[in-house]
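Trainee: Return a 3D structure for these sequence lines:
(one chain, ligands or ions: 1)
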Amino acid sequence: MNNNSYFRSAVEAMAGYVPGEQPKMANLIKLNTNENPYPPSPKVAEVLQSFDYEHLRRYPSPRADDLCETAARLYGFKRDEVIAGNGSDDILTMAFRCFTAPDRPLACLMPTYSLYFSLAEIQAAPVMPIRLNSGDFSLPADLLDRAKGANLLIITRPNAPTGNTFCHRAMTEICGRFNGVVLFDEAYADFADDNCLDLAREFDNVIVSRTLSKSYSLAGLRLGLAMGSRRLIEGMYKVKDSYNVDMLTQFIGQAALQDQAYLRQNVAKIRATRTRLTAELARLGFDVVPSSTNFVFAAPPDRDGGRFFKMLREQAILVRYFSGETTGAYVRISVGAEADVDRLLKVTELYLQMRK
Ligand SMILES: *Cc1c(COP(=O)(O)O)cnc(C)c1O
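Mentor: Here you go, the predicted model:
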């Protein structure tokens, strides 16, 4: 026996990504992982009901052909400019395999989706965090200087956990001037007023990733998509798992994408609840970051996010809290069903009254 670890040093040293809790508590109001409160499209139920289980004998299409064809048409790309993943986390994994290495650093925003840091660790790739401006979490003016030397720049737009978006004009300039791959993580773009698909069509160094987990209410299914130039997407096909999207997911995902009327209706409801939640929290003295997503990032009047989080948890309302100097003042609240938001607001109002 030797004392050396069996693990690569990068893996030995890392802690591993910690997903949001999925507790089994009864009557819990669960607003912690940005799941959609409404069911998926009824077309999804139709596929499930009519699916012949005998098909499962066969391997699925390795490149999810029909699904990607549907996505290509929907988003205005060619078939070979689209790739599907087992959730957009899988898309991110492929991108990190392709574009990051010990000598190919990642640049990403701070705060942002913490999975990027874990994926960089697996690749033993250095990370260049680009701190967002304090107060409004806007992009720093010198972003391109700070990202200099990175091979992959991820811009989460709208950003998580802060919920805000960034001006599209600035994105165009970044794509034109950044000397590497720009990946827009658009997990929440369906809830926003615009997106960067046009930049993925225009620039050959740009990828947009999407997920069906949030706006399509399919977090349990695991389906993500990426669109970009043929050269970038072709490279990603080389590093993906052979059958990364299972057969049922291919059928269901296609049906969900084809029901755009349902998506629009669902998104409109969530945006309306988001407006109400934002206004009510502001009325109660919260500092609320304007949201382009299906969650709001809000700081209670005393800016003690941890204490507010704990109080809500005791009342069986689960939200997300990120400790730390800038994020610790806030909690991230997923936009739930109307009744869940009512309950949250009521509990919050009582909490603030008791602390007066
Ligand atoms: C939820 C989320 C994802 C992951 O989505 P999946 O498709 O469920 O893997 C990716 N990026 C961001 C910013 C997210 O919030």
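Trainee: okay, how far is it across stretch 198-215, tip to tip?
Mentor: 20 Å (C-alpha to C-alpha, to the nearest Å).
Trainee: That stretch: which residues count as buried?
Mentor: Within stretch 198-215, the residues that qualify as buried by neighbour count (16 or more other C-beta atoms under 10 Å) are 199-201, 203, 205-215. Just so you know, the C-beta spots here come from the backbone N, C-alpha and C atoms, and that holds for glycine as well.
Trainee: so how far is that stretch off the chain centroid?
Mentor: What separates the centre of stretch 198-215 from the centre of its chain is 12 Å, taken as C-alpha atoms, centre = their mean, to the nearest Å.
Trainee: is any part of it close to the ligand?
Mentor: Yes - against the ligand, stretch 198-215 shows contacts by C-beta under 6 Å from any ligand atom at Thr211, Ser213.
Trainee: and stretch 98-108, which residues are buried?
Mentor: Cys98, Phe99, Thr100, Ala101, Arg104, Pro105, Leu106, Ala107, Cys108.
Trainee: Any chance of CSV for those residues, columns secondary structure, distance to the ligand and pLDDT?
Mentor: Formatted as CSV, those follow (DSSP: H, G, I helix; E, B strand; the rest coil; distance: C-beta to the nearest ligand atom, whole Å; pLDDT from 0 to 100):
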residue, secondary structure, distance to the ligand, pLDDT
Cys98, helix, 17, 98
Phe99, helix, 16, 98
Thr100, coil, 16, 98
Ala101, strand, 22, 98
Arg104, strand, 21, 98
Pro105, coil, 20, 98
Leu106, strand, 14, 98
Ala107, strand, 16, 98
Cys108, strand, 10, 98
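Trainee: Which stretches in this structure count as strands?
Mentor: 29-30, 82-85, 106-110, 127-131, 152-156, 181-185, 206-211, 224-228, 287-288, 295-299, 317-318, 331-334 (DSSP state E).
Trainee: Paired strands for the fourth one, with orientation please.
Mentor: Counting by DSSP bridges, the strands paired with strand 127-131 are strand 106-110 (parallel).
Trainee: which residues are contacting the strand it pairs with?
Mentor: 96, 100, 116-117, 120, 125-132, 139, 146-147, 150-156, 159 (C-beta atoms under 8 Å, 6 or more residues apart in numbering).
Trainee: what about dumping the CA coordinates of it to CSV?
Mentor: C-alpha atoms of strand 106-110 as CSV (Å, rounded to 0.1, in the frame of the first residue of the first chain):
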residue,chain,number,x,y,z
LEU,A,106,-12.6,29.7,-17.4
ALA,A,107,-13.9,33.2,-16.9
CYS,A,108,-17.4,33.5,-15.3
LEU,A,109,-19.4,35.9,-13.3
MET,A,110,-19.4,36.1,-9.5
